[in-house]
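Chemist: Need a 3D model of the following:
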Amino acid sequence: GRVLPFRIRGSAPEQLTGRRQDTREALLFVIVFLFVACSCPSVSCGGATMAAEQEEDYYALLGLEANACTPPDAIKRAYRKRALMYHPDKVAASDKEEAERRFHLIKTAYDVLMDPKARAAYDNVVRARNLRRERQQKKDRKRRRMEEELHEREHRSKRQKVEAQHAERELERERERLRQEAFE
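Modeler: Now for the predicted structure:
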């Protein structure tokens, strides 16, 4: 396999092969975050408000299906519709803070999805996150199955020990009975 062009402190190159996918995903996330932060005025680097970090779904924020082929005019229509719903000047005073937060997220989603490069990078981050989640679920299923098998083996072993002890007691009782009969 290919060796990564850098070294993680305290790790030998052969140890990196097991962490290669996680490292790639982390690097991709950092690249996308910096790209979006630098190309979209509504995203601030210090605020860390990027939806990929918060696991916000930009497509869902705009009420669209997560599809890389969604045309820009559909994104624009969805943005305008959602922006009117959550515009801070259009909501009640009690909901203003939440509306400002949602409006900011919707604006960020619009900025990212309208820029082809940022959209492609965002789609890659989402795809990587979903793959990582699926791998984790598979690992969790395997762990759960292994725990169940281990519990079953332990239960079977305990049951065999109890049965063996019971058989030994029965054998001892039978010997004692035979000794009693021999003395009579």
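Chemist: avg pLDDT for the helix ranked longest in the chain?
Modeler: The residue-count maximum for a helix in the chain (DSSP state H) belongs to helix 116-183. Across helix 116-183, pLDDT averages out at 91.
Chemist: now for that helix, which elements pack on it?
Modeler: Other elements packing on helix 116-183 under the criterion 3 or more Cβ pairs under 8 Å, 6 or more residues apart in numbering; DSSP states H and E are helix 20-39, helix 51-54, helix 96-114. C-beta coordinates here come from the backbone N, C-alpha and C atoms, glycine included.
Chemist: Now do the contacts for Y86.
Modeler: Residues in contact with Y86 (Cβ atoms under 8 Å, 6 or more residues apart in numbering) are 99, 102-103, 106.
Chemist: who wins for neighbours among these?
Modeler: I106 (23 neighbours; other Cβ atoms under 10 Å).
Chemist: how close does that one get to D140?
Modeler: As judged by Cβ to Cβ, to the nearest Å, I106 and D140 stand 33 Å apart.
Chemist: E147 too?
Modeler: E147 is 10 Å from D140, by Cβ to Cβ.
Chemist: what's the pLDDT at V30?
Modeler: 62.
Chemist: returning to that earlier point: among the helices and strands packed on helix 116-183, which one carries the weakest average confidence?
Modeler: Looking at those, the weakest mean confidence is helix 51-54, a mean of 48.
Chemist: after that one comes which helix or strand?
Modeler: helix 58-61 (DSSP states H and E).
Chemist: Can you name the element that comes right after that following helix?
Modeler: helix 72-86.
Chemist: measure K96 to L105 for me?
Modeler: From K96 to L105 the distance is 15 Å (Cβ to Cβ).
Chemist: Between the two, which is the more surrounded one?
Modeler: L105 (21 against 13).
Chemist: my read: the more buried one touches L62, true?
Modeler: No - with contact defined as Cβ atoms under 8 Å, L105 does not count as touching L62 (9.8 Å).
Chemist: can you count the residues close to R169?
Modeler: Neighbour tally, R169, other Cβ under 10 Å: 10.
Chemist: What residues does it make contact with?
Modeler: Going by Cβ under 8 Å, 6+ apart, the list of residues near R169 is empty.
Chemist: The longest helix of the chain to helix 72-86, inter-axis angle?
Modeler: 80 degrees (axes from the mean of the first three to the mean of the last three Cα atoms, to 10 degrees).
Chemist: what's the closest non-adjacent residue to E65?
Modeler: Y59 (6.5 Å; Cβ to Cβ, 6 or more residues apart in numbering).
Chemist: right, and the one you found touches T70 too?
Modeler: Yes - using Cβ under 8 Å, Y59 makes contact with T70 at a distance of 7.4 Å.
Chemist: what residues do these two have in common as contacts?
Modeler: Shared contacts of Y59 and T70, counting by Cβ under 8 Å, 6+ apart, come down to L113.
Chemist: Name the residue in those two with the higher neighbour count.
Modeler: Counted by other Cβ under 10 Å, Y59 and T70 do not tie: Y59 has more neighbours, with 20 against 16.
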